[in-house]
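S.K.: Can you look at this prediction? I've put the sequence above it.
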Amino acid sequence: MLLERNPERCIVAFPGTEYMTLDVRHKGQCVGSALSIAFADPVLRAQGLKDDTYGEAKRFFE
């Protein structure tokens, strides 16, 4: 499992999404978030994950 590769890693929360407009939220990125960790995985990128934005993660994982 992706997160088990580095169990000591501290995952950062994606802050303030509930206060963002939809457009801003979809473009949002957060270094150290679960989204950036997912994008760093070559398997997920090969399966079509295009970047580490909130909107792309929503598209990919839905």
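M.R.: Perfect, thanks for sending it. All of these numbers come straight from a predicted model, not from anything done at the bench.
S.K.: Name the residues that touch the longest helix belonging to the chain?
M.R.: Secondary structure of the chain per DSSP state H: the longest helix is helix 54-61. Helix 54-61 has contacts (C-beta atoms under 8 Å, 6 or more residues apart in numbering) with 14, 17, 25-29, 35, 38, 44, 47-50. In short, each C-beta sits where N, CA and C put it, glycine included.
S.K.: Low-confidence stretches in the protein?
M.R.: Along the chain, no part satisfies pLDDT under 70.
S.K.: Can you show me the helices along it?
M.R.: Per DSSP H, the chain carries helices over the ranges 22-27, 34-39, 42-46, 54-61.
S.K.: Please identify the buried residues of the longest one?
M.R.: This points to helix 54-61. 54, 56-57, 60 (16 or more other C-beta atoms under 10 Å).
S.K.: Find the residue at the geometric middle of the protein.
M.R.: Leu35 (1.1 Å; C-alpha atoms, centre = their mean).
S.K.: Now render the helices of the chain as a markdown table, adding distance to Glu4.
M.R.: Converted to a markdown table, the helices of the chain look like this (distance: least, C-beta to C-beta, whole Å):
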| stretch | distance to Glu4 |
| --- | --- |
| helix 22-27 | 29 |
| helix 34-39 | 12 |
| helix 42-46 | 14 |
| helix 54-61 | 19 |
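S.K.: who wins for proximity to Leu2 among the ones you listed?
M.R.: Set against Leu2 and scored by C-beta to C-beta, the helices of the chain come closest in helix 34-39, at 6.7 Å.
S.K.: I'm done for today, thanks for sticking with me.
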